[in-house]
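Undergrad: Need coordinates for the following:
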Amino acid sequence: MIDTENIVLRFAVTGPEAEDIRSCLSALYSIREGTQPLDRAFGLSTEFIGKPLPTAQNELALEIIQKTRIYEPRVSVKQVLFESEAENGRIRPVVYVERSEGDE
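TA: Model prediction:
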């Protein structure tokens, strides 16, 4: 099972905006799409749930990349990896972000 409640953010951004960007990404990744009254597209879709694991991982990774591009243009997703937690059988997404080109 993919653990979307505990997405790990690996952050290669420094400077005065770093904490604001981290906070914005944490909010984006922790909210389910469709639950924000003024922006129903905000948050991550859960349509990948119940699909075969490789398909679910690909769909979630694509969702994270697209939503980051839309809602936090100051950074871009370099890659999304998945770490297995043997003790509880969960798979945790690890998102690597860096400052976007032209946003130096």
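Undergrad: residues in contact with the closest residue to Lys51 other than its chain neighbours?
TA: Distances taken as Cβ to Cβ, 6 or more residues apart in numbering place Glu59 nearest to Lys51, at 6.9 Å, with adjacent residues excluded. Where you see a C-beta, it was placed from the backbone N, CA and C, and this is true even at glycine. Taking Cβ atoms under 8 Å, 6 or more residues apart in numbering, we find Glu59 in contact with Ser45, Glu47, Phe48, Lys51.
Undergrad: Give the bridge partners for Ser76, please.
TA: Beta bridges link Ser76 to Glu98 when assigned by DSSP bridges.
Undergrad: Leu9 versus that one, what's the distance?
TA: Ser76 sits 13 Å away from Leu9, going by Cβ to Cβ, to the nearest Å.
Undergrad: Mutual contacts of these two, please.
TA: Contacts common to Ser76 and Leu9, judged by Cβ under 8 Å, 6+ apart, are Val97.
Undergrad: quick one: which of the contacts of Glu59 is nearest Leu28?
TA: Ser45 (12.0 Å; Cβ to Cβ).
Undergrad: can I assume the closest one is in contact with Glu63?
TA: Yes - assessed by Cβ atoms under 8 Å, Ser45 is found in contact with Glu63 at 5.4 Å.
Undergrad: Thank you kindly, that will do.
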